[in-house]
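>>> Predicted model follows, preceded by the sequence.
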Amino acid sequence: MQTYSYKKPTRFLFILVCALMLFLSACGSTGGSSTPSNTTRPAAVQTATPVASTKLSNGPLVYVALGASDAVGVGSQQPGAQGYVPLISDHLPQGSHMINLGVSGIHLHEALDKELPLALNTDPQLITIWLVTNDFIAGVSYNNYMHDLDSMLKQLQSQTQARMVMANLPDLTRLPAFEHDGVDQKTHMLTEIQHWNAHIASLAHKYGVTIVDLTAENSLLTSHPEYISSDGFHPSAAGYVELSNLFWQAIKS
């Protein structure tokens, strides 16, 4: 296991304590969470977003993942190795440190209290965000979600120097979990997905965040049965490989 190379040891201890608090809180309230872990590998990327010019260094960096069950790797047999977060970290420079703050079942509003403070206190150089699907299917209002997303991105942009990459809503109508919905229901769902994604893209542009567009024509995540796990909702191991590739292409674009 690798550790931070911060000059002040007290900061390192603070990060560990915060991560432990997140783990205990998630276990008590949501039934699942991830714990900070390390990873290594090579690559340097820079933003293609016209608003920002943040670059990743060629050396070791801190990578923080904000997310829900997909960040935890639910649907794969070995979440610690097959989830999209560890797969992304495989591309990073040798000696980099991965902190996966994903909590199964979490909504964005909860993540503002449980995940965001930890991300802000770890000096990340790379942040990935995928915190939207749970809110959408749970019926969280559009206005409330966008208000919270604006708050999260504003704080991340103003309080870190991190390169940020965020995924939007995939075409959920293609998932087996929604196969029994009627045509009208699916049409309405897809219209709402497009409505949400349009404003997500607007906020991403505002704060210099690169979007991983999961509804783009070249995104096969929800159109290949082998990319979906047996629960009909989460990605399979193969799906996480595809998802990590989409994230990585966005990171290095």
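Looks like it arrived, so ask away.
>>> contacts and neighbour counts: CA atoms only from here.
OK.
>>> remind me, longest helix of this structure?
Criterion DSSP state H: the longest helix present in the chain is helix 183-206.
>>> That helix - contacts with which helices or strands?
Helices and strands touching helix 183-206, by 3 or more Cα pairs under 8 Å, 6 or more residues apart in numbering; DSSP states H and E, are helix 142-159, strand 210-212.
>>> who's the closest residue to residue 163 other than its chain neighbours bridged to?
Spatial nearest neighbour of residue 163, chain neighbours left out: residue 126 (4.8 Å); criterion: Cα to Cα, 6 or more residues apart in numbering. Under DSSP bridges, the beta-bridge partners of residue 126 are residue 63, residue 163.
>>> Just the mean pLDDT for the longest helix of the chain, thanks.
Averaged over helix 183-206, pLDDT sits at 96.
>>> Contacts for that helix, please.
Defining contact as Cα atoms under 8 Å, 6 or more residues apart in numbering, one finds that helix 183-206 is touched by 49-51, 142, 146, 149-150, 153, 166, 168-173, 210-211.
>>> The residue nearest to residue 163 - how many residues pack around it?
24 (other Cα atoms under 10 Å).
>>> Would you mind measuring from it to residue 85?
Shown here: residue 126 relative to residue 85, a distance of 12 Å by Cα to Cα, to the nearest Å.
>>> so how many other residues sit close to residue 216?
Neighbour tally, residue 216, other Cα under 10 Å: 11.
>>> What of residue 103?
By the criterion of other Cα under 10 Å, residue 103 has 30 neighbours.
>>> pLDDT wise, what is it at?
According to the prediction, residue 103 has pLDDT 96.
>>> what's the answer for residue 239, then?
So residue 239 comes in at 93 (pLDDT).
>>> Spit out the contact partners of the closest residue to it other than its chain neighbours.
Nearest residue to residue 239 in three dimensions, chain neighbours excluded: residue 227, at 3.8 Å (Cα to Cα, 6+ apart). Contacts for residue 227 were tallied using Cα under 8 Å, 6+ apart; they are 221, 235, 236, 237, 238, 239, 240, 242.
>>> Counting by contacts, list what the helix or strand where residue 71 lies packs against.
Secondary structure from DSSP states H and E places residue 71 in helix 69-72. Under the contact definition 3+ Cα pairs under 8 Å, 6+ apart, helix 69-72 sits against helix 84-89.
>>> mind showing which ranges of the stretch 1-150 of the chain have poor pLDDT?
By pLDDT under 70, the low-scoring segments of the stretch 1-150 of the chain are 1-55, 57.
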